[in-house]
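# with the sequence up front, the predicted model follows.
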Amino acid sequence: MYAIGFPGYNQPMDISHILDPLNKAQRAAVAAPSGPSLVLAGAGSGKTRVLTHRIAYLVRGHGISPHMILGTTFTNKAAREMHGRIETLLQAPFHGMWLGTFHGLCHRILRLHPEAAGLPENFEIVDSDDQLRLIRRVLKNLDLDEKDWPPRQMQWMINQHKDASRRSARLPSGHGGIWEKMLHRVYADYEEVCQKSGLVDFAEILLRTLELFQNNQAIRETYQQRFQHILVDEFQDTNTVQYQWLQVLSARHRNLFVVGDDDQSIYGWRGAKVENILSFEKDFPGANVLRLEQNYRSTGTILTAANAVIAHNSGRLGKNLWTKGSEGSPIRLYDAHTEDDEARFVVEQLRSWIRQGHRRDEAAVLYRSNAQSRVFEQELVRQDIPYRVYGGLRFYERAEIKNALAYLRLLSNRDSNHSFERVVNLPARGIGDKTMGIILEHARLKQVSMWQAGAELIAERGISPRALAALSGFQNLIMQMAEDTAGLGLGELTGHVLKQSGLFAHHKNERGELARGRVENLQELVSAAENFVREENETQDDLSAFLDSAALQAGEGQSEEWEDCVQLMSLHSAKGLEFPLVFICGMEEGRFPNQKSLEEGSLEEERRLCYVGMTRAMQQLVMSRARRRWQYGQSHVNPASRFLAEIPGEYVERIRSPGWDGAESGEVLFRGGTPPQTAGFDGIRLGHQVRHRKFGAGTVVGMEGQGIHARVQVHFADAGMKWLICSYANLEPI
DNA sequence: GTGGCCTCTCTTTTT
DNA sequence: GAGAGGCCAC
């Protein structure tokens, strides 16, 4: 039994249930003395466990008030889970600790001190979609062609600067060509637009808070004083601003406890710096450095294979994961012809796994890019196996949801220009580019919001009668809505706004499969509003709090309850999760490692991603590659991923696909616009003369397969011998 | 002002 | 192949 005496009013408490279940290394971390600590925690070594137990230990063992603890996690979901685990451990409700994402916590601080941070009280969070829109506007105002100045690159550039805490005003000027000068101009103009309209993007939330701390001694000291203990999860994925923020915040008590794994750093492309781990010891001299190397998740085989792959990276801090567990079965490697073949194999394996009595949600299919989910979905539907796809279109990023939120935002803040722009003509009410141009110009000249500009234009009859009627109709609608919904609860309010705005009717009248989903999403938004629970100590009204929360958790928001489904997700989203059975698909050069990553020199990050994927598996790991795969409407033949070759052969059981493979490396097959039908195949016989859009006339000399994958071999007079997907769009009998 | 066609692009993703 | 944005005709 461990009992710790400490000064003060609290009684020493029995904390054996907090320390006893831990191994030696974990216990050393949890009970680490005060001061800076760096815990290097390998995959499956009980990282989250250490964090939750450390918090419980501080509270129970040292009588630290939860109010004095701050913890950061990578996602909102992780924060919720951690909170739940702490409550279980303490066997009591747990309140007062600041636990959330960097963005969530910084946002909270900005809401408490908007003025000191140089923001209007009703500042608004813009997501990356809105940010892109704003950048487009800036480019247009600067008369820059989007072809020469791709908005996405501009966005990337701006966020890159902000993540590294570089303001446009502080960028080095002088040297650098016209291109660089213009980049700085775009950044500066963008900053100005945001500042003027009270808009704050994600990177800004962090940078603003850091600057608030740097520039305001009183506020800085309040928080430095308050947070006696700061704990950080996924430290390898913090960016420069986040690390600086942590350094400032922990300066007084120096109790910064960070947990991370340099081998699992997979967010370098969005500003994360693994180097933060390396510099921790330098920045915090005398830091307590601990290693967790015992893995409790995977079989010996999986672990050895993953270790072998990651060993190909240089510049690691180095650690060696080991397990007391069994060797387990070898890693299965399937060599598929095509992505359909790959999907069939995976789903077949899933079926037999389920037949053995396993739960479906114990299995996950992982891939490098979300687009790859399609084939698996098709096959799962065909075989009638329930599944769930993570990622892709996020709930709060869907257009219909953002439209609804824009109406809600206008109720709470008429002067929200970007909400005004978004829905002033949705559903269509006759306010087009022309009228919008007049409103924008008026707003610019008079330095007022677009709503205000509209009102003034109506009053002075500054627009055509038709536009005037439409615009005042819109303004009356919003004011009427505000009146009708006064005093209603969030859920009712949302439902009312959806009806009265005409959004419900608008989407109901749309035809097609997609439209039905939109109506469902809107209904889901109503229930999300109904179930919305605000955080403690919020200063805002319900509606504003709801809108902020929507912006800050674009990811989830949909009902969490999914019964027993096979899990499909990207390798990135799999971080932090574990499954008894894991498939990693699309193990091909160009796909994984991804071509763009290779060009950008981030092969090592791809390898870490592979390591993350492999270490998700507890009992069985299956990897697959397809020799031929459709990419952007063309069929490509790709060599196997180099990562497969990095796994020692003795841990691998190769499974070869039966059947035909006529492709040669590098060969490209063309397919036309319409999906190929058997009809096209039926129409063509051996010896037929055919014409191809690109290759001209030729003779059919071979045939293979049927249905979608029917192929013919054609000898073209000009282009020589080709294997082609048989589609009448490309290939016609002559 | 609206709707339909054409062209272009196409990682990863949470906030 | 698929979606998004731009351009042009009603």
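On my side now, so go ahead.

# count the neighbours of whatever residue of chain A ends up closest to DNA strand C for me.
Proximity to DNA strand C, evaluated over chain A using CB to the nearest atom of the strand, is greatest for residue A:633 at 2.4 Å. (C-beta placed from N, C-alpha, C; glycine too.) A count of nearby residues for residue A:633, using other CB atoms under 10 Å, gives 9.

# quick one: stretch A:610-622 to chain centroid distance?
20 Å (CA atoms, centre = their mean, to the nearest Å).

# now it: mean pLDDT?
Averaging pLDDT along stretch A:610-622 gives 95.

# residues near residue A:186, how many?
23.

# kindly report the same for residue A:518.
When neighbours are defined as other CB under 10 Å, residue A:518 has 21 of them.

# now residue A:177
Applying other CB under 10 Å, I find that residue A:177 has 8 neighbouring residues.

# same question for the one 4 residues further on.
When neighbours are defined as other CB under 10 Å, residue A:181 has 13 of them.

# near DNA strand B, which residues of the stretch 601-734 of chain A?
Within the stretch 601-734 of chain A, the positions near DNA strand B by CB under 7 Å from any atom of the strand are A:602, A:632-633.

# which ones among these are found in helices?
Residues of those located in helices (DSSP state H): none.

# make JSON lines from these and add pLDDT to it.
JSON lines is the format used below for these (pLDDT from 0 to 100):
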{"residue": "A:602", "pLDDT": "87"}
{"residue": "A:632", "pLDDT": "76"}
{"residue": "A:633", "pLDDT": "74"}
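
# so who does the closest residue to DNA strand B within the stretch 101-250 of chain A touch?
Residue of the stretch 101-250 of chain A nearest DNA strand B, by CB to the nearest atom of the strand: residue A:103 (2.7 Å). Residue A:103 sits next to A:202, A:205-206, A:552 when contact means CB atoms under 8 Å, 6 or more residues apart in numbering.

# and if you look at residue A:496?
A:481, A:484-485, A:488.

# swap in residue A:278?
Residue A:278 touches A:262, A:317, counting by CB under 8 Å, 6+ apart.

# what residues does the stretch 351-500 of chain A put near DNA strand C?
Counting by CB under 7 Å from any atom of the strand, no residue of the stretch 351-500 of chain A is near DNA strand C.

# if you could redo that for the stretch 51-200 of chain A, that was the one I meant.
So far as CB under 7 Å from any atom of the strand goes, the stretch 51-200 of chain A lies against DNA strand C at A:136, A:146.

# residue ranges of the strands in the stretch 51-200 of chain A, please?
A:69-73, A:98-101, A:124-125, A:199-200 (DSSP state E, counting those that start in this stretch).

# next, format those strands as TSV and append mean pLDDT.
Below are those laid out as TSV (pLDDT from 0 to 100):
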stretch	mean pLDDT
strand A:69-73	95
strand A:98-101	94
strand A:124-125	91
strand A:199-200	92
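
# before we move on, the earlier item: quick check, nearest of the residues of the stretch 601-734 of chain A next to DNA strand B to DNA strand B?
residue A:632 (3.4 Å).

# how near is the closest one to residue A:595?
12 Å (CB to CB, to the nearest Å).

# and those two? Which one has more around it.
The neighbour count for residue A:632 versus residue A:595, taken as other CB under 10 Å, is higher for residue A:595 (13 against 6).

# remind me which residues of the stretch 501-650 of chain A are low pLDDT?
A:511-514, A:535-539, A:554-562 (pLDDT under 70).

# okay, and residue A:569 sits in which element?
When elements are assigned from DSSP states H and E, residue A:569 belongs to strand A:566-570.

# alpha carbons only: can I get that strand in PDB?
Output in PDB follows, covering the C-alpha atoms of strand A:566-570 (Å, rounded to 0.1, in the frame of the first residue of the first chain):
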ATOM      1  CA  VAL A 566     -16.400  -3.100 -39.000                       C
ATOM      2  CA  GLN A 567     -14.300   0.000 -38.700                       C
ATOM      3  CA  LEU A 568     -12.900   1.700 -41.800                       C
ATOM      4  CA  MET A 569     -10.500   4.600 -41.500                       C
ATOM      5  CA  SER A 570      -7.400   6.200 -42.700                       C
END
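
# what does that strand contact?
A:350, A:360-361, A:363-370, A:373, A:376-377, A:380, A:385-391, A:579.

# quick one, domains of chain A?
A:16-110+A:207-292, A:124-197, A:296-392+A:561-661, A:396-546, A:677-734 (automatic domain parsing).

# can you give me the neighbour number for residue A:687?
By other CB under 10 Å, the burial measure for residue A:687, its neighbour count, is 8.

# where's it relative to residue A:722, distance?
Residue A:687 is 16 Å from residue A:722, by CB to CB.

# what sits against residue A:646?
A:308-309, A:312.

# where do the strands sit along the stretch 351-500 of chain A?
Under DSSP E, counting those that start in this stretch, the stretch 351-500 of chain A gives strands at A:363-367, A:387-389.

# backbone phi and psi for residue A:630, please?
The phi/psi pair for residue A:630 (degrees, to the nearest 10) reads phi -80, psi 130.

# was I right about it contacting residue A:342?
No. Applying CB atoms under 8 Å as the test, residue A:630 and residue A:342 come out as separate, 11.8 Å apart.

# got the residues of the stretch 1-150 of chain A near DNA strand B?
The stretch 1-150 of chain A has residues A:74-77, A:101, A:103-104, A:127-128 near DNA strand B, with proximity defined as CB under 7 Å from any atom of the strand.

# should've said the stretch 151-300 of chain A
A:152, A:202-203, A:269-270.

# PyMOL command for the buried members of these?
Entered in PyMOL, the line below selects the buried ones among those, by 16 or more other CB atoms under 10 Å:
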select buried, chain A and resi 202+203
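
# cross the residues of the stretch 151-300 of chain A next to DNA strand B against helices and list the overlap.
Assigned to helices by DSSP H, the following of those qualify: A:152, A:202-203.
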